[in-house]
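A.B. asks: Everything below, folded, please.
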Amino acid sequence: MNRSVLALLCAGTLLGACSTHEPIKEAIAPPAPQPVAPPHPEVAAPQPAPQPVPRNVPFSVSMDAFFDFDQSVLRPEGKAALDDLSKRLAVTTYGTLTIVGHADRIGTAEYNQKLSERRAEAMRDHLVSDGVPANKISASGVGKSQPTAACPEVHGKDLIVCLQPDRRAVLTAAGTQIVLSAAGHE
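C.D. replies: I've put the predicted structure just below:
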């Protein structure tokens, strides 16, 4: 080989070995970052406690079977029902309560009128004793003029039993009852 070619080869080798430059590498794009899952699942914010929502709630309560034949004294179950009603009225805004007493058809119209009034007054007095304001209660009677029981061909003690639904008083109130519910839901 020619000496000059050999010198060139040696010089190239020496230069390559002594070079401080790194060889050029091909540019490679880094991998795209992967989405990282949150360490804990999302927890929904706690819902606020239900707020009282006023709404108009008319109601009528029929108190049949709370009076015995020819009586205006409330039976124990009648007193218990009125106690429950007093609790309901405590969370209700109302104008007045109307109590209408009734009697069965046995007896004179005049006697039954007075008996129906005494029944309405017995309910009123019990509600007042439970804390319902007396000035918000209207009590009256209609005697035997609005019967609900039909007892054809029934006599004696069987008639008294059959006419029990007519020995009643009806309480009606219209007002706003506070109901616990989520706002906007009923």
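
A.B. asks: how about the nearest residue to residue 151, chain neighbours excluded?
C.D. replies: With sequence-adjacent residues excluded and distances taken as Cβ to Cβ, 6 or more residues apart in numbering, residue 151 is closest to residue 162, at 3.8 Å. The way it works is simple: take the backbone N, C-alpha and C, and place the C-beta from them, glycine included.

A.B. asks: cool, residue 167 as well?
C.D. replies: Of all residues not flanking residue 167 in the chain, residue 67 sits nearest, at 4.6 Å (Cβ to Cβ, 6+ apart).

A.B. asks: mind listing what that neighbour touches?
C.D. replies: Residues near residue 67 by Cβ atoms under 8 Å, 6 or more residues apart in numbering: 73, 74, 75, 78, 119, 122, 167, 168, 169.

A.B. asks: Now, those residues that are in strands?
C.D. replies: Cross-referencing these against strands under DSSP state E gives residue 169.

A.B. asks: just curious, which of the contacts of residue 67 is nearest to residue 100?
C.D. replies: Comparing the contacts of residue 67 against residue 100 with Cβ to Cβ places residue 169 closest, at 6.5 Å.
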